[in-house]
Structures are given as C-alpha cells and as structure tokens.
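*Asks:* my questions concern the predicted model and sequence given below.
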Amino acid sequence: MNLRQLEYFVAIVELGSLSKAAERVHIVQPALTQHVKNLEEEFGTPLLLRSRKGVLPTEAGQRLLTKAKVLLDQFEAIRDFVRGEDVEPHGEVRVGIPTTASSLLSARLLRESKLAYPNIKLSIVEPMSGFFFDWLAEAKVDIAVLYRRTWDRNLKFDRVLSEEICLVGRNNKKLAELAPDDARIAFRQACELPLVVPNRGHGLRDLLEDLASKSQCRLNVVMEIDAYTPMKALVEQGVGFCFLPGAATNDEQKLGRLTARNVTDPEIWRDVYLATPTDRPLSRAAELIHGLCKALLMQLVHERNWIARIETADDDRAFGEGFSAGGSNAIADPPRILPCFAE
C-alpha cells in the first residue's frame, strides 16, 4: 500500500466510477482496477462493490476512505510546510456551514477566497449542523461553523460570535400587544405561546429546553420541524411563534411579514464557533480559509448584517446595533479586514 494507491481509491469513491476516477488520476482504467485488487489482497477483504448507483465502498472500504483522507491531508500539509510560506497556497478546502449562517456567509466566503487565494478550491456543504461533528471526525470537512461545542479532544472550537435569539411572530396585533414598541418579552410568557420549534436533539431546541427547565416552565410546543424556512412559513401562516436569531429573519422583517422581539428574564444567546480537527494538521490552505472565514464573520457583524457581538479572549464588549455589555452601548472598533474585502 502506498499514498498513490490511496489517492486512486479516494478518487473512485468520490466519483463513484472507475472510468471517471481514471480520468482524474490520469491512468488507464485496467491499471486502476489492478491497484484496487492489490489493495483488497493486502487487506484481505473487498473494498468496493458495483451497484446501479455506481461504485460504492463496502463497510471496510468506508473505514479505509476515512483514514486515507486523513493521510492524504497530512501528506499535503507536509508539502506545504516544506515549500514554505512564499509558495502560492493551493489545494481543496471543505467548509461546513449550516443553513442559517450560509445565507449570510457562503457567497462572500467563496468570492473573497477566489480573490485572495485563486489556487485554493473551496467547497461548501450545507446540511444540518448536527452532522458536522461526524464529518469533521471523518475528514469530510476541514472547518465547520457550529452553534454548540462538544468536549471532544479531537476537535478545537474557536468562539467567534454570540447572537441573541428572539421571539418571532407574524406581523399582527397580537405580538404588538404582548411586547409593544419593540419592548422585550419575558421568557416565561413567551413559552406559554403556541410554539413551532425544532425537534429534540437540535441545538436550538436543547438550548430552549435547558432555559425552560432553569426557569421552571415548559415550552408550549404545537409543531416540531428542523428546517428554518418552513418554520418561518408556518409562523407567517399564523400557526404559532418561534425562537430564531435576528439574522435568520432579516428579509422577512424588512418586508413586514414577520416581527421579532428580544426576550428577557433570561435573555437567550447562542455562541457561534469555528471548529477544526486536532487529530490531523490543517493544510496551509485550510488555515488561510479558517482565518478568512473568521474575519468575514466579524465583518458581517460590523456591517450590521449579522446582529451579534464579537467574542474575544479578553473582551466581551457588545459589537452590533442594539446590544450592550457592562451597561455601555458603545460600538467597538471594526475588526481589521484584509484589503480584498473592500467592496
């Protein structure tokens, strides 16, 4: 077994086709097939199987795929290190961004990455954030934007922002009566309203349940759904209310379709992390994209596109319109942004 064979195997699984993989790695298909046979003989078990959907890995092949990607990433990191900082960064970087953050971040991250690092191939995936813990462990993504952390020694969490979760309702008289003139609404009072919430196990639902338990009240759940777009549609239709970050309803509020009210006793805040693996080194390209992603998150707050506060190691000052910390409404100095961010 050698790195070249592992590269061939990864290409076959990713493309689901021997012929397409042969084109990618620039060898003839019979030779590629022979390399797979050599791997299967060495491991003593089948690694691939043919199906109507193409070539798929067996259970053993899936395990090999996970380790092969880690080894190939480590080998690429060695190349980058030996070549030095003067070499143009290159390679593929995979970033996982959940839906609520993707609408604000993904397009700009792709654009700024292309401007700053044209030889880096940036791929963005956008499933539910709960998948990202496994995907980081399996090397399916290099970086993930997450709303909660775990105490996994193999993952590093860099807290970047904290965003306030609001009560969201249809733009009608009922919400205005509950909290007139942008007044805050008590959490216990909000919990008594008919609520559309994510299912248990979703990060936001767990946060709400934890706060409800501490406040000695219960969520009045009338409907459960994990996707924010249909959740907002249900609220617009008058099914109930929901708890969402302000950034998730910017467009609907501007159009007058939804109204948001801040919550008090207690306030609801959700942290935003950048997560990376610690059991394998990030390539130079991944390190640069991580820094770019962090700077862009801060820029979005500075521009008031993401209503949140920036979290730093030694400063928890508010950073966003309408937020305060320590009794001050002063806005912190904007973060230092790379020249390529200029509009």
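*Replies:* That came in fine, so what should we check first?

*Asks:* quick one: the helices in the protein?
*Replies:* Counting by DSSP state H, residue ranges of the helices within the chain are 3-15, 18-25, 29-43, 59-83, 99-116, 132-137, 173-178, 187-191, 203-214, 228-236, 250-254, 284-302.

*Asks:* which residues does the first one contact?
*Replies:* Right, helix 3-15. For helix 3-15, the external contacting residues (Cβ atoms under 8 Å, 6 or more residues apart in numbering) are 18, 21, 24-25, 27, 32, 35-36, 38-39, 47-48, 55-57, 61, 64-65, 68-69, 71-72, 75. Yep, even glycine has a C-beta here, placed from its N, CA and C like the rest.

*Asks:* the same query, at a cut-off of 7 Å, please.
*Replies:* With contacts defined as Cβ atoms under 7 Å, 6 or more residues apart in numbering, helix 3-15 is touched by 18, 21, 24-25, 32, 35-36, 38-39, 48, 55, 57, 61, 64-65, 68-69, 71-72, 75.

*Asks:* of those residues, grab the buried ones for ChimeraX.
*Replies:* To isolate the buried ones among the contacts of helix 3-15 in ChimeraX, judged by 16 or more other Cβ atoms under 10 Å, type:
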select :18,21,24,25,32,35,36,39,48,55,57,61,64,65,68,69
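
*Asks:* how close does Leu18 sit to Leu32?
*Replies:* Counting by Cβ to Cβ, to the nearest Å, the gap from Leu18 to Leu32 is 6 Å.

*Asks:* ignore the last one, Lys294
*Replies:* 40 Å.

*Asks:* Arg170 is in contact with Ala260, correct?
*Replies:* No - the pair Ala260 / Arg170 is not scored as a contact, 11.2 Å apart, by Cβ atoms under 7 Å.

*Asks:* mind checking which of the two has more residues around it?
*Replies:* Neighbour count, other Cβ atoms under 10 Å: between Ala260 and Arg170, Ala260 has more, with 26 against 19.

*Asks:* shaky segments in the stretch 151-300 of the chain?
*Replies:* Residue ranges of the stretch 151-300 of the chain with pLDDT under 70: 172-173, 175-176, 180-182.

*Asks:* rerun that using 80 as the cut-off
*Replies:* For the stretch 151-300 of the chain, applying pLDDT under 80 flags the ranges 171-183, 247.

*Asks:* so which of the helices of the chain comes closest to Thr278?
*Replies:* Closest to Thr278 of the helices of the chain is helix 132-137 (Cβ to Cβ; 9.9 Å).

*Asks:* which residues touch the closest one?
*Replies:* Residues outside helix 132-137 that contact it (Cβ under 7 Å, 6+ apart) are Gly96, Val141, Ala144, Leu146, Thr150, Asn154, Leu155, Ala275, Pro277.

*Asks:* which one of these is nearest Arg79?
*Replies:* Using Cβ to Cβ, Pro277 is the member of these that lies nearest Arg79, at 18.6 Å.

*Asks:* give me the distance between that closest one and Ile97.
*Replies:* The gap separating Pro277 from Ile97 is 17 Å, by Cβ to Cβ.

*Asks:* that older thread, between the helices of the chain, which one is nearest to Leu244?
*Replies:* Shortest distance between Leu244 and the helices of the chain, using Cβ to Cβ, is found for helix 228-236: 6.7 Å.

*Asks:* can you give me how far that closest one is from the chain middle?
*Replies:* Taking Cα atoms, centre = their mean, to the nearest Å, one finds the center of helix 228-236 at 21 Å from the center of the full chain.

*Asks:* list the helices and strands it packs on?
*Replies:* When contacts are defined as 3 or more Cβ pairs under 7 Å, 6 or more residues apart in numbering; DSSP states H and E, helix 228-236 packs onto strand 155-170, strand 195-197, strand 242-245, strand 258-264.

*Asks:* do that again at 8 Å, thanks
*Replies:* Where contact means 3 or more Cβ pairs under 8 Å, 6 or more residues apart in numbering; DSSP states H and E, helix 228-236 is packed against helix 99-116, strand 155-170, strand 195-197, strand 242-245, strand 258-264.

*Asks:* can you say which of those is packed in most?
*Replies:* Mean neighbour count (mean count of other Cβ atoms under 10 Å) peaks for strand 242-245 among these, with a mean of 25.

*Asks:* can you list the strands that that strand pairs with?
*Replies:* Under the criterion DSSP bridges, strand 242-245 sits next to strand 155-170 (antiparallel) in its sheet.

*Asks:* and the angle for the strand it pairs with with helix 284-302?
*Replies:* Orientation check (axes from the mean of the first three to the mean of the last three Cα atoms, to 10 degrees): strand 155-170 against helix 284-302 gives 30 degrees.

*Asks:* just give me how far strand 155-170 sits from the chain centre.
*Replies:* Relative to its chain's centre, strand 155-170 lies at 12 Å (Cα atoms, centre = their mean).

*Asks:* and that strand with helix 228-236, angle?
*Replies:* 20 degrees.

*Asks:* use 57 as the first number for this chain going forward.
*Replies:* Yep, numbering from 57; the last one is strand 211-226 now.

*Asks:* hey, C-alpha coordinates of strand 211-226 in CSV?
*Replies:* Written as CSV, here are the backbone C-alpha positions of strand 211-226 (Å, rounded to 0.1, in the frame of the first residue of the first chain):
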residue,chain,number,x,y,z
LEU,A,211,-11.9,18.9,17.9
LYS,A,212,-10.9,22.6,18.5
PHE,A,213,-13.6,25.2,19.0
ASP,A,214,-12.9,28.9,18.3
ARG,A,215,-15.7,31.0,19.7
VAL,A,216,-16.2,34.0,17.3
LEU,A,217,-19.7,35.4,17.9
SER,A,218,-22.6,35.3,20.2
GLU,A,219,-26.0,36.1,18.7
GLU,A,220,-29.3,36.8,20.5
ILE,A,221,-32.3,34.6,19.9
CYS,A,222,-35.6,36.4,19.5
LEU,A,223,-39.2,35.5,19.7
VAL,A,224,-40.6,35.7,16.1
GLY,A,225,-44.3,36.1,15.2
ARG,A,226,-46.5,37.2,12.4
